[in-house]
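Q: Coordinates for the following, if possible.
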Amino acid sequence: MRLHLNFETVASVCAIITSVIALFVAWDQSVVMRAQQHASVWPIVISDATISQNETQNYIEFNVSNVGVGPAIIRDSKLYFNDKLVEHFSTFQEQLFVGSQKESLSGMFASFNGVLGAGESKTALKLWWPRNDVSDADFVAMVEQFVASDSRFAIEQCYCSVFERCFVSTNEEALGPQEVASCQVGKDEPVDVIKATMQ
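A: Below you'll find the predicted structure:
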């Protein structure tokens, strides 16, 4: 049986093939563009705890920074000390502070959560004591105890981009932020917990 193809049939087949190719190219371009859009506003939140001193103060400071290229919507934060969730100010008093540091304490309270723009940093929590001979000696003893016992703070945060791509980061995570499906709004902000239990 001989197959006869006329010009209209060939043209129709070519048109269908061309349409399929054009559809695939358009889909592929949309995927690339979407990836570029997400990458252009990708936040990267990092945090750290610092125990140090300046000319007038001995202090512990918790900072949060967004080193990404888009705003970070931080929805949940947790503060750990030696792998245990900090749920009371007494964690500092009993396990960290030495001597006079349990007195003459001042604090600055902001928030770990909220919107943090690209390139922005903030101090979420700072606890400090005025420097004098006694407090300096206690500060040195605290640092030595902290180092000798291999103590550590961990700050875990769940945040999202403006496109609702969400990540969990911790200052102890060597691999960087890990993507998650979503972030639940935390009910116990670390700063609020510490401030309330200091009263």
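
Q: Report the beta-bridge partners for the most centrally placed residue in the chain.
A: In the chain, the residue lying closest to the centroid (C-alpha atoms, centre = their mean) is residue 45, at 3.7 Å. The partner list for residue 45 in beta bridges (DSSP bridges) reads residue 66.

Q: how far away is it from residue 53?
A: Shown here: residue 45 relative to residue 53, a distance of 27 Å by C-beta to C-beta, to the nearest Å. Just so you know, the C-beta spots here come from the backbone N, C-alpha and C atoms, and that holds for glycine as well.

Q: mind giving me the domain ranges of the protein?
A: If you go by automatic domain parsing, the domain ranges for the chain are 1-40, 45-198.

Q: just the ones you listed: most buried one?
A: domain 45-198 (a mean of 16; mean count of other C-beta atoms under 10 Å).

Q: centre of the chain versus it, how much separation?
A: Centre-to-centre, domain 45-198 and its host chain are 11 Å apart (C-alpha atoms, centre = their mean, to the nearest Å).

Q: Now do the end-to-end distance for it.
A: Length of domain 45-198, first residue to last, C-alpha to C-alpha, to the nearest Å: 28 Å.

Q: average pLDDT for that domain?
A: On average, the pLDDT along domain 45-198 is 90.

Q: Can we start the residue count at 118 from this point?
A: Sure thing, new numbering starts at 118, so read that last one as domain 162-315.

Q: partner residues bridging residue 239?
A: Taking DSSP bridges, one finds residue 181 as the beta-bridge partners of residue 239.

Q: What residues does it make contact with?
A: Contact analysis of residue 239 by C-beta atoms under 8 Å, 6 or more residues apart in numbering lists 180-182, 227, 233.

Q: Try it again at 7 Å.
A: By C-beta atoms under 7 Å, 6 or more residues apart in numbering, the residues touching residue 239 are 181, 227, 233.

Q: Identify, from those, the entry nearest to residue 309.
A: Relative to residue 309, the closest of those is residue 227; by C-beta to C-beta it sits at 10.9 Å.

Q: which residues are contacting stretch 260-272?
A: 164, 166, 168, 179, 194, 196-199, 213, 215, 287-289.

Q: That stretch spans what distance, first to last residue?
A: End to end - C-alpha to C-alpha - stretch 260-272 spans 19 Å.

Q: Helices of the protein, start to end?
A: 124-157, 207-212, 250-265, 307-315 (DSSP state H).
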